[in-house]
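*Asks:* I'd like to go over a predicted model; first the sequence, then the structure.
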Protein chains: 2
Amino acid sequence: MDAEPLGVPEEAAVGARLKRMRQVFGLTQRELARRAGVTNGAISLIEQGRVSPSISSLKKILDGIPMSLAEFFTIDLAASEDVFFRADDLTEIAFEARISFRMVGHPLKERALQMLHETYRSGADTGEAMLRHDGEEAGIVVRGRLLVTVGDQEQALGAGDAYYFKSRIPHRFRNPFDELCEVISANSPPSF
Amino acid sequence: MDAEPLGVPEEAAVGARLKRMRQVFGLTQRELARRAGVTNGAISLIEQGRVSPSISSLKKILDGIPMSLAEFFTIDLAASEDVFFRADDLTEIAFEARISFRMVGHPLKERALQMLHETYRSGADTGEAMLRHDGEEAGIVVRGRLLVTVGDQEQALGAGDAYYFKSRIPHRFRNPFDELCEVISANSPPSF
DNA sequence: AGAAGGTGTTGATTATTCTAAACGGTATCC
DNA sequence: GGATACCGTTTAGAATAATCAACACCTTCT
């Protein structure tokens, strides 16, 4: 009706959505247009909300990403909010004086994965009583050295070294060295 | 490109999908068109797959149902298959000579709900050892009378009477009367 | 500075979709 | 039997979307 579709939220939403998806996949309008077999102009118009694409052309474009129509309309953009967390924003998990665990992501949210930024000061030890819990965990040493014990294996890991094991296997982390050690770890499902 | 979009599955799929949705909601093309503020012709063309509607018009049409674009593209039409089950098709769950449990739906399919058509002949009893399991259950007596025990409460229910309780509470069903008793029950999540 | 190659955006034309109004078919009512 | 009231379908023309080609802008390179 109107020349300017101001009051129509869905068009703009589709455009914004497409732009978001395209950017998430690291594509330019032209690159996506080439892959999809449409013109870059069409994508520009759609993203600006100046036209409402037909299902067929939207599908054609999404095929170039690639992404299904169902995905396109279903994926919750808000859910991918808070992708970045500043170091200061990480939630501290008290453990022991010499150990600091700082969690990536919101504490309360239901998640399939948990990531921790761990700091082991000299002399830190998760305890003689080995840790055991469900899931699997992995980590990479960022700075300093860490003595990792998993089952009957024990290794001193330096910066860049990593571990991966099933958390049911008794494990322990120690820093018997005199320099501070930082580790980035992840476990799934979350067990803290 | 072609006048006849034979090789394009998606358009036809959208048309068929729309037709299905419209029919499921018991609407005629004209009625839906009236609600959506489009012409019945447009709906006809779309359903035949002769055009690929724009997002804006598809949304307008779906608003008339009403249904979101996400729903429209997500809902699995095949999943709503086998909606009706003849009495003879209900799967019998052997229990006791005087008790018959006949399940609605396919035994193997993952479901959030289970419905049973239960028959308690005179003297039937689910057992002195009370039943306990996860979930919640409800039922309505269709015929005869049933003595229902839930925790420390006990009631004789007649036709039309019903119950609802958390299945963790010990429960028992008995028919000490001399007429046959039929009950329709449901429990979620399925526990048989 | 200027050329080259990238980005997204914009008119004029072509192609497609939507509307409006008709058509044929079927069931119901009188 | 004919009028009425639905149904879905179809066609000509108005409205909208997509293309093509140019445009303005920004980096990078020489």
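*Replies:* Arrived safely, thanks for sending.
*Asks:* Show me which positions of stretch A:139-156 end up buried.
*Replies:* A:Gly139, A:Ile140, A:Val141, A:Gly144, A:Arg145, A:Leu146, A:Leu147, A:Val148, A:Thr149, A:Val150 (16 or more other Cβ atoms under 10 Å in any protein chain shown). For the C-beta atoms, the positions are set from N, CA and C on the backbone; glycine is no exception.
*Asks:* Among these, pick out the one closest to A:Phe177, please.
*Replies:* A:Arg145 (4.9 Å; Cβ to Cβ).
*Asks:* tell me the average confidence for the biggest helix by length in chain A?
*Replies:* As assigned by DSSP state H, the longest helix anywhere in chain A is helix A:9-24. The pLDDT scores in helix A:9-24 average 77.
*Asks:* Can you list the neighbours in contact with that helix?
*Replies:* Helix A:9-24 is touched from outside by A:5, A:28-29, A:32, A:43, A:46-49, A:51-53, A:58, A:61-62, A:65, A:67, A:72, A:75, A:77, B:55-56, B:59, B:69, with contacts defined as Cβ atoms under 8 Å, 6 or more residues apart in numbering or on different chains.
*Asks:* Break chain A down into its domains, please.
*Replies:* Following the assignment in automatic domain parsing, chain A carries domains at A:9-80, A:87-188.
*Asks:* which secondary structure element contains whichever residue of chain A sits closest to DNA strand C?
*Replies:* The nearest approach of chain A to DNA strand C comes at A:Gly41, 2.9 Å away (Cβ to the nearest atom of the strand). Assigned by DSSP states H and E, A:Gly41 belongs to helix A:40-47.
*Asks:* now that helix against helix A:9-24, angle please.
*Replies:* 130 degrees (axes from the mean of the first three to the mean of the last three Cα atoms, to 10 degrees).
*Asks:* what separates the helix or strand immediately after helix A:40-47 in the chain from the chain centre, distance-wise?
*Replies:* Proceeding N to C from helix A:40-47, the next assigned helix or strand is helix A:55-63, under DSSP H and E. Helix A:55-63 sits 28 Å away from the centroid of its parent chain (Cα atoms, centre = their mean, to the nearest Å).
*Asks:* Which positions within helix A:55-63 qualify as buried?
*Replies:* A:Ile55, A:Ser56, A:Ser57, A:Leu58, A:Lys59, A:Lys60, A:Ile61, A:Leu62.
*Asks:* Keep the residues you listed, but drop any that are not near DNA strand C.
*Replies:* With Cβ under 7 Å from any atom of the strand as the criterion, these include A:Ser56 near DNA strand C.
*Asks:* okay, the angle between the helix holding A:Gly41 and helix B:55-63?
*Replies:* For helix A:40-47 against helix B:55-63, the angle by the same axes, to 10 degrees is 40 degrees.
*Asks:* Correct me if wrong: A:Leu180 contacts A:Gly123.
*Replies:* No: with contact defined as Cβ atoms under 8 Å, A:Leu180 does not reach A:Gly123; the gap is 10.7 Å.
*Asks:* Overlap in contacts, these two.
*Replies:* By Cβ under 8 Å, 6+ apart, no residue touches both A:Leu180 and A:Gly123.
*Asks:* Could you show which parts of chain A are in contact with chain B?
*Replies:* Chain A has residues A:5, A:8, A:10-11, A:14, A:51-59, A:68-70, A:72-74 near chain B, with proximity defined as Cβ under 8 Å from any Cβ of the partner chain.
*Asks:* swap the cut-off to 7 Å and go again
*Replies:* For chain A, the residues in contact with chain B (Cβ under 7 Å from any Cβ of the partner chain) are A:8, A:10-11, A:14, A:52-56, A:58-59, A:69-70, A:73-74.
*Asks:* of all these, which two lie farthest apart?
*Replies:* The most widely separated members of those are A:Val8 and A:Ala70, with 22.4 Å between them, by Cβ to Cβ.
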